[in-house]
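In: The following comprises the amino acid sequence and a computationally predicted model.
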Amino acid sequence: MAEFFRTSTMWVVDFRYDGSPRRWFKAFGPDADVASEMATQLRELYGARVQLESVRKASDAEEAAYLRGEAPTNVFCPTGRGAGGLSDDNRND
């Protein structure tokens, strides 16, 4: 996993789900056809309810914010978590 991350590139995937804008950050290997892979994945997950808007490499600032868990979240998804996972307040250790 760590080896993949060192050779991967973070991408910003913008799409619409039922007309509402959504954004994902995804890591892909150096030879990935990101647009094609994301179009397939989104279609498999959401069918006709999704429309891929764009894919682009994340800027250094966007990647750093994502890795720190500071990327924007989807306010409509109460179970969604950022890159940081559970906070210390929510752990069941």
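Out: Cool, got the structure. Because the structure is predicted, anything quoted here is derived from the model rather than measured.

In: CA atoms for contacts and neighbours, from now on please.
Out: Will do.

In: can you tell me which helix in this protein is longest?
Out: helix 34-46 (DSSP state H).

In: ok, and for the helix or strand just after that one, which residues are buried?
Out: Heading C-terminal from helix 34-46, the first helix or strand you meet, by DSSP states H and E, is strand 50-57. Residues of strand 50-57 classed as buried by neighbour count (16 or more other Cα atoms under 10 Å): 50-52, 55, 57.

In: Quick one: residues in contact with strand 50-57.
Out: Strand 50-57 is contacted by residues 9-19, 34-35, 38-39, 42-43 when judged by Cα atoms under 8 Å, 6 or more residues apart in numbering.

In: out of the buried residues of strand 50-57, which one sits closest to Glu70?
Out: Glu70 lies nearest to Lys57 out of the buried residues of strand 50-57, by Cα to Cα, at 17.5 Å.

In: per-residue pLDDT, that closest one?
Out: Looking at Lys57, its pLDDT stands at 95.

In: and what of Ala83?
Out: For Ala83, the predicted pLDDT is 45.

In: now do Ala64
Out: Residue-level pLDDT assigned to Ala64 equals 89.

In: Of all the residues in the helix or strand where Phe25 lies, which ones are buried?
Out: Under the criterion of DSSP H and E, Phe25 resides in strand 20-28. By neighbour count with 16+ other Cα under 10 Å, strand 20-28 contains the buried residues 22-23, 25-28.

In: Which other helices and strands does it contact?
Out: strand 9-17 (3 or more Cα pairs under 8 Å, 6 or more residues apart in numbering; DSSP states H and E).

In: now with 10 Å?
Out: helix 2-7, strand 9-17, helix 34-46, strand 50-57, helix 60-67 (3 or more Cα pairs under 10 Å, 6 or more residues apart in numbering; DSSP states H and E).

In: Since that was my last question, I'll sign off now.
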